[in-house]
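Q: Here you go, sequence then predicted model.
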Amino acid sequence: MLIRKIERFLSHHGMPRTRFGRLAAQDPRFVDDLRNGREPRPATEARVEHFMNNYRSTSHVA
């Protein structure tokens, strides 16, 4: 489930939910909406997954 992956990501990186929403989905309320039952479109889900995967791979390089 996407929200569980996002929650782990937020916890692991110490990122505020609104910042994640802005960066990953261009929507600062994205995480709150998911917590309240929103179902993202497949393209949005793919974009968010891509963001998390790239953030993980590049965040440890610097």
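A: That came in fine, so what should we check first?
Q: any idea how far the top helix by length along the chain is from the chain center?
A: Selection of the longest helix in the chain by residue count, based on DSSP state H, yields helix 42-59. What separates the centre of helix 42-59 from the centre of its chain is 7 Å, taken as CA atoms, centre = their mean, to the nearest Å.
Q: shift numbering so it begins at 198
A: I'll keep to 198 as the first residue from here, and by that count the last item is helix 239-256.
Q: Can you name the residues in contact with it?
A: By CB atoms under 8 Å, 6 or more residues apart in numbering, the list of residues contacting helix 239-256 from outside reads 199, 202-203, 206, 210, 220-222, 227, 237. All C-beta spots, glycine's among them, are computed from the backbone N, C-alpha and C.
Q: rerun at 6 Å
A: Defining contact as CB atoms under 6 Å, 6 or more residues apart in numbering, one finds that helix 239-256 is touched by 199, 206, 221-222.
Q: Please indicate which of these are buried?
A: In the contacts of helix 239-256, burial by neighbour count holds for 206, 221-222, counting by 16 or more other CB atoms under 10 Å.
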